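Visitor: predicted coordinates and the sequence they were generated for:
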Amino acid sequence: MMNIFTKALPLLLLPAPALAAEGGLKLLSFTTLLGEIATFGILIWVMMKYVWPPLMNAIETRQKEIADGLAAAEEGKQALSSASARKDELLAEARAKASVYIAEGEKRRSEIVEAARGEAESENARILEQGRQKLESERAAMCRELEAKVGELVIAGASKVLAREVDIGVHVDIVDSLKQNLRS
């Protein structure tokens, strides 16, 4: 190939009369020109018939795929923005519910504390009342015991003073009357 270019280059650089004098350049014949035009036309027709449609089809398919991809990307952006907005709404809703639950928990805690406080106060009052009753019953028992002891001491003292024997039946009556006097 290089050989052809090296031979053709000097011919292209020479002016037309110089080429005619050398006798080297022949003009194309009309039939050759028509044959080349016909061949070129057939080549164009074959290209338009068999090569161009699949090529255009592939280009259109690729353009459609690109357009679909861009549309899907746009839909994705919109879906992302709506999902982000939905996420924000859900977070706000969750925060609101959490604050409601916390408030309910605080209210329930206060109710439980108040109920426990009331229960503790009633238990305290019950225990105090039981203590008072027990103290009163012990005091009454001690008073009875003290009265009996005082009665015995009075009798012992009286028997020693009188130095004589006292009748037990009379003694019980005397002690009972003394008890009645002491109570009033």
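Guide: Looks like it came in fine. Numbers count the residues shown, from 1 in each chain.
Visitor: quick check, central residue of the protein?
Guide: A94 (7.4 Å; Cα atoms, centre = their mean).
Visitor: where does that residue land in three-state SS?
Guide: Using DSSP: H, G, I helix; E, B strand; the rest coil, the structure places A94 in helix.
Visitor: quick check: it vs F40, distance?
Guide: 75 Å (Cβ to Cβ, to the nearest Å). Just so you know, the C-beta spots here come from the backbone N, C-alpha and C atoms, and that holds for glycine as well.
Visitor: next one: E65
Guide: Distance, E65 to F40, by Cβ to Cβ: 34 Å.
Visitor: now swap in K134 and tell me
Guide: 131 Å.
Visitor: go on, G76?
Guide: 49 Å.
Visitor: contact partners for E136?
Guide: The contact partners of E136, by Cβ atoms under 8 Å, 6 or more residues apart in numbering, come to none.
Visitor: what helix or strand is R86 on?
Guide: Taking DSSP states H and E as the definition, R86 sits inside helix 52-162.
Visitor: tell me the gap between that helix and the middle of its chain.
Guide: 20 Å (Cα atoms, centre = their mean, to the nearest Å).
Visitor: what mean pLDDT does it get?
Guide: Per-residue pLDDT over helix 52-162 has a mean of 87.
Visitor: begin at 18, not 1, for the rest of this chat.
Guide: Yep, numbering from 18; the last one is helix 69-179 now.
Visitor: and G168, how many residues sit next to it?
Guide: G168 has 18 neighbours, counted by other Cβ atoms under 10 Å.
Visitor: sorry, wrong one. I was asking about K196.
Guide: 16.
Visitor: so how far is I61 from A55?
Guide: Taking Cβ to Cβ, one finds A55 at 11 Å from I61.
Visitor: make that D193, sorry
Guide: Per Cβ to Cβ, D193 is found 152 Å from I61.
Visitor: same question, L50
Guide: 16 Å.
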